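# got a structure for you, letters missing:
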């Protein structure tokens, strides 16, 4: 069974264009795996590690926000195509949407290249 961090990251990476996440490791302080963008192309994969405890996982409203961003095609790679203040998310009021964006903008998931943490995934304005 997947934990909250894994469920969140699957939603997060899906919004960024991933088609699958392969889980490799988890403990109480982090989760790690490989993001797969194209299962047919070995070059379209990226290892990652997220240093977050289960209790640090963003609230469900952030997943709702991510799904909306994906469904409405409001992301250009990792950047919002329009300002967050103009995005209305069905099922969330303005205050909840603003809080969800605040939480989302704090999420940084480290990329791993040859065993070293190099860059990171994030979503921003």
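Now that the structure is in, tell me what you want to look at. Keep in mind the model is a prediction, meaning the values are calculated, not measured.
# buried residues in the helix or strand where residue 7 lies?
Using DSSP states H and E, residue 7 sits in helix 4-15. Neighbour-count burial for helix 4-15 flags 5-6, 8-15 (criterion: 16 or more other Cβ atoms under 10 Å). (Glycine included, C-beta is placed from N, CA and C.)
# okay, these in a markdown table with pLDDT and distance to residue 117 next?
Converted to a markdown table, those look like this (pLDDT from 0 to 100; distance: Cβ to Cβ, whole Å):
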| residue | pLDDT | distance to residue 117 |
| --- | --- | --- |
| 5 | 97 | 17 |
| 6 | 97 | 19 |
| 8 | 98 | 19 |
| 9 | 98 | 16 |
| 10 | 98 | 21 |
| 11 | 98 | 22 |
| 12 | 98 | 17 |
| 13 | 98 | 17 |
| 14 | 97 | 22 |
| 15 | 98 | 22 |
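# wait, doesn't residue 47 sit right on residue 112?
Yes: the criterion here is Cβ atoms under 8 Å, and residue 47 meets it with residue 112 at 4.0 Å.
# intersection of neighbour lists for these two?
residue 32 (Cβ atoms under 8 Å, 6 or more residues apart in numbering).
# how about the nearest residue to residue 121, chain neighbours excluded?
residue 109 (4.3 Å; Cβ to Cβ, 6 or more residues apart in numbering).
# how about residue 49?
Per Cβ to Cβ, 6+ apart, closest to residue 49 is residue 32, 4.2 Å.
# residue 80 too?
Going by Cβ to Cβ, 6+ apart, residue 80 has residue 125 as its nearest residue, at 5.1 Å.
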